[in-house]
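Enquirer: Sequence unavailable; structure follows:
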């Protein structure tokens with residue numbers, strides 16, 4: 001029993017000293033007093049001098065009263081505020097290190113590959129051959145540039161006043177990191193054809209893709225420069241100029257998107273061309 005009393009005594013005395021050091025004077029002093037009362041030598045001296053202290057019930061009531069007073073003088077609100085400040089600081093520190101979050105997302109959500117010295121997210125289950133063979137069937141010419149440091153496949157079709165360019169970029173033919181589609185219209189009278197083709201390109205199949213949702217979003221936002229949405233981790237973004245529309249599919253990090261002005265060049269005026277809902281020439 002004495003071991004317990006010594007333990008409680010030391011515990012409250014140390015706690016009182018800590019409170020005093022933080023400027024919580026009254027509560028700290030009362031904790032030191034309570035701790036001293038628990039110590040057997042002090043308690044025995046009080047029993048000899050004061051008969052009332054010999055009553056165990058009186059002693060316990062006295063302990064409880066002191067504890068209540070200590071609780072009344074402890075600045076709980078200030079302690080809670082300090083805890084919130086510390087939590088806020090930790091969150092702000094995390095926000096100041098977006099690279100750590102990005103690395104975490106890379107590990108948990110998507111694989112990456114090295115393309116020309118940089119790490120990029122891979123669009124899962126999107127295969128280059130599936131893209132360019134479908135375009136070849138629609139009359140596109142295909143220029144494949146496959147090297148050790150990465151691949152880019154340029155598919156193009158010019159007909160009348162329209163020009164379509166699709167660039168597939170990746171680390172390998174099965175590790176695709178982006179698909180960029182540009183539609184240029186010299187006359188400005190082929191908006192439906194452009195809408196149909198870019199909508200068709202948004203239906204490319206990848207893991208957990210939602211082709212109809214992607215197509216509807218692209219067709220509804222085609223005239224909104226800078227429009228952007230993310231569907232199952234894949235970001236669709238749109239940019240436009242007077243004569244052209246540009247759509248990119250990629251797994252995007254938090255960075256400003258940069259568009260090459262050459263992708264939005266103004267073509268020469270020629271006759272009309274139209275695509276149907278499946279991307280075929282009418």
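Expert: Looks like it came in fine. These numbers come from a predicted model, not from an experiment.
Enquirer: in stretch 23-43, what's buried?
Expert: Across stretch 23-43, burial judged by 16 or more other C-beta atoms under 10 Å covers 24, 27-28, 30-32, 34-39, 43. Just so you know, the C-beta spots here come from the backbone N, C-alpha and C atoms, and that holds for glycine as well.
Enquirer: secondary structure class for residue 23?
Expert: Following DSSP: H, G, I helix; E, B strand; the rest coil, we place residue 23 in the coil state.
Enquirer: what about it, distance to residue 73?
Expert: According to C-beta to C-beta, to the nearest Å, residue 23 and residue 73 sit 12 Å apart.
Enquirer: thinking again about what came up before, out of the buried residues of stretch 23-43, flag the one nearest to residue 14.
Expert: The shortest gap between residue 14 and any of those belongs to residue 35, at 7.8 Å (C-beta to C-beta).
Enquirer: roughly how far apart are the closest one and residue 18?
Expert: 12 Å.
Enquirer: Please name the bridge partners of residue 165.
Expert: With DSSP bridges as the criterion, residue 165 is bridged to residue 156, residue 182.
Enquirer: so what's it up against?
Expert: With contact set as C-beta atoms under 8 Å, 6 or more residues apart in numbering, residue 165 has these partners: 154, 155, 156, 180, 181, 182, 184, 263.
Enquirer: Wait, the second one touches residue 163, no?
Expert: No: with contact defined as C-beta atoms under 8 Å, residue 155 and residue 163 do not form a contacting pair (11.8 Å).
Enquirer: intersection of neighbour lists for these two?
Expert: Between them, residue 155 and residue 163 share no contacting residue under C-beta under 8 Å, 6+ apart.
Enquirer: helix/strand/coil for the closest residue to residue 125 other than its chain neighbours?
Expert: Residue nearest to residue 125 in three dimensions, not counting chain neighbours: residue 207, with 4.2 Å by C-beta to C-beta, 6 or more residues apart in numbering. Following three-state DSSP, the label given to residue 207 is coil.
Enquirer: re the thing from before, inside helices: which ones of the buried residues of stretch 23-43?
Expert: 27, 28, 30, 31, 32, 34, 35, 36, 37, 38, 43 (DSSP state H).
Enquirer: could you dump these to a markdown table with distance to residue 241 and pLDDT?
Expert: Shown next, in a markdown table, are those (distance: C-beta to C-beta, whole Å; pLDDT from 0 to 100):
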| residue | distance to residue 241 | pLDDT |
| --- | --- | --- |
| 27 | 70 | 74 |
| 28 | 71 | 76 |
| 30 | 76 | 81 |
| 31 | 73 | 80 |
| 32 | 77 | 86 |
| 34 | 78 | 77 |
| 35 | 78 | 79 |
| 36 | 82 | 83 |
| 37 | 83 | 81 |
| 38 | 81 | 77 |
| 43 | 88 | 79 |
